[in-house]
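[1] just a sequence and a predicted model for now, questions to come.
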Amino acid sequence: MGGRPLLNRRLEGLGTTIFAEMSALAAETGAINLGQGFPDTDGPESVREAAVRALRDGRGNQYPPGPGVPELREAIADHQRRFYGIDLDPDTEVLVTAGATEAIAATMLALLEPGDEVIAFEPYYDSYAACIAMAGARRVPLTLRAPSFRPDLDELRAKITPKTRLLLLNTPHNPTGMVLTLEELSAIAGLAVEHNLLVVTDEVYEHLVFEGAHHPIAALPGMRERTVSISSAGKTFSFTGWKVGWATASPPLIAAVRTAKQYLTFVSAGPLQYAIAEALCLPDTYFDTFREDLHRKRDLLADGLRTAGFEVYTPQGTYFLTTDITPLGEKDAYNFCRSLPTRCGVVAVPNSVFYDDPEQGHSQVRFTFCKKDDILHEAARQLRHLAA
Ligand SMILES: Cc1ncc(COP(=O)(O)O)c(C=O)c1O
């Protein structure tokens, strides 16, 4: 085709995601995959049955309504009221999407103009950089630094310029496990109001907080009209393959996001939407048990990694934990992760790829603990070879 590269400039450098690369390595070597965040146990039987029923009864087998089936939109609104006291109109303030991924993409494409600046925590969940780039905007990292990974709010203030349009938050934060406190959220909300900024908050791990509590920034004063909140059934109900997510916001924001969303997928996962409507109504015991289970797994893997010689940054939330490999005499997280499957039969992900400046995370490696206990025990056992 001559001279000009096929991939446009906006997507240059965004290549294959690290998850695809490391999961392929896991498949090739038969290693235990603690890289990509997907559980090895499916979610509740009753929810799977609800999906089967919907398929059999012909509910959602044809294009569902663009904003999502009414049952799911109502269940999402009920869930926000039940857990956070936020009142939403299911018709105008809730939008069902193809996972949180589509909600993030549609939100960025809808709200950003080329040249706008988006301040986002670094290390980033990888789709943020891609979506900001696709919208022609510029990402401005606010680096979360080990060991606490707390955001420096003075630094945040200093990064706001007349071009700043949007703050992109993620709490609980992947990959560090940092959970924003109410004080931090209030300070961030204050800055958003003062500078008239939009806030997009990715809360897919809202039900996985082990220390403290999850606070949605949308509930804080002055935030309702400027916040798009994003979540997903994938993580909370262990159905990551279903890709049922949602955005909630004030009617004008949802109308904007819906405009972009309708030209991305239009609709998705019809029958599964009915099943997730039921999942969101599960009793508190489901959510409590899910969290307690993952809390225990966090401690199990953290102990194993410490014994193997890693420095472990204990996460307050999510199902990931970040480690530092320096005590193992290692320097380069990417090379370490490439060799780990053959050395120890375990796959992990280098955090360096989640930074604009890879130097920042050069010795950090992320492991997921959303796996069966015996798998976590076995991974810990195999990783002990590193200490030998
Ligand atoms: C922070 C964060 N946001 C969004 C997603 C994607 O969610 P979904 O699978 O619902 O698209 C993930 C998945 O790993 C994530 O970690």
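    Received it, and whenever you're ready, just let me know what you need.
[2] and W246, its phi and psi?
    Note on W246: backbone dihedrals following degrees, to the nearest 10 are phi -160, psi 160.
[3] ok, S232 next?
    For S232, the backbone dihedrals are phi -160, psi 150 (criterion: degrees, to the nearest 10).
[4] cool, and T201?
    phi -120, psi 120.
[5] let me know the pLDDT of it.
    On pLDDT, T201 comes in at 98.
[6] for burial, what's the neighbour tally of L264?
    L264 has 14 neighbours, counted by other C-beta atoms under 10 Å. The way it works is simple: take the backbone N, C-alpha and C, and place the C-beta from them, glycine included.
[7] how about L6?
    By the measure other C-beta under 10 Å, the count of residues near L6 is 5.
[8] any idea which element it lies in?
    L6 belongs to no helix or strand when assigned by DSSP states H and E.
[9] residues contacting V193?
    Going by C-beta atoms under 8 Å, 6 or more residues apart in numbering, V193 touches G222, M223, R226.
[10] let me fix that, I meant to ask about R56.
    Going by C-beta under 8 Å, 6+ apart, the list of residues near R56 is empty.
[11] for P147, same thing?
    Per C-beta under 8 Å, 6+ apart, neighbours of P147: Y313.
[12] okay, the residue nearest in space to the middle of the chain: pLDDT?
    What sits nearest the mean C-alpha location of the chain, by C-alpha atoms, centre = their mean, is V204, with 5.3 Å. What the model reports for V204 is a pLDDT of 98.
[13] same deal with the one 3 residues further on?
    Note for H207: predicted pLDDT of 98.
[14] go on, the one 4 residues further on?
    The predicted local distance difference test score for E211 is 95.
[15] could you do A388 as well?
    A388 is given a pLDDT of 65.
[16] OK, contacts around the closest residue to A387 other than its chain neighbours?
    Using C-beta to C-beta, 6 or more residues apart in numbering and skipping residues adjacent in sequence, the residue nearest A387 is G309, 4.3 Å away. G309 makes contact with P327, L328, L386, A387 under the criterion C-beta under 8 Å, 6+ apart.
[17] ok, so of the residues you listed, who is nearest L197?
    Using C-beta to C-beta, the shortest approach to L197 within those belongs to P327, at 40.0 Å.
[18] next up, the contacts around the closest one.
    With C-beta under 8 Å, 6+ apart, P327 has these contacts: G309, F310, E311.
[19] of these, closest to the ligand?
    F310 (21.3 Å; C-beta to the nearest ligand atom).
[20] does the closest one touch L328 like I think?
    Yes: counting by C-beta atoms under 8 Å, L328 is a contact partner of F310 at 6.6 Å.
[21] contacts only, for whichever residue of the chain sits closest to the ligand.
    Here the residue of the chain nearest the ligand is G99; by C-beta to the nearest ligand atom that distance is 2.5 Å. The contact partners of G99, by C-beta under 8 Å, 6+ apart, come to S232, G234, K243, V244, G245.
[22] near the ligand, from the residues you listed?
    Checking the contacts of G99 against the ligand by C-beta under 6 Å from any ligand atom, the ones in range are S232, G234, K243, G245.
[23] now the residues you listed in JSON lines, with pLDDT and secondary structure?
    Output for the ones next to the ligand among the contacts of G99, formatted as JSON lines (pLDDT from 0 to 100; DSSP: H, G, I helix; E, B strand; the rest coil):
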{"residue": "S232", "pLDDT": "98", "secondary structure": "strand"}
{"residue": "G234", "pLDDT": "97", "secondary structure": "helix"}
{"residue": "K243", "pLDDT": "98", "secondary structure": "coil"}
{"residue": "G245", "pLDDT": "98", "secondary structure": "strand"}
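[24] make CSV out of those and add neighbour count and distance to M108.
    Listed next are the ones next to the ligand among the contacts of G99 as CSV, based on neighbours: other C-beta atoms under 10 Å; distance: C-beta to C-beta, whole Å:
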residue, neighbour count, distance to M108
S232, 28, 16
G234, 23, 19
K243, 19, 18
G245, 27, 14
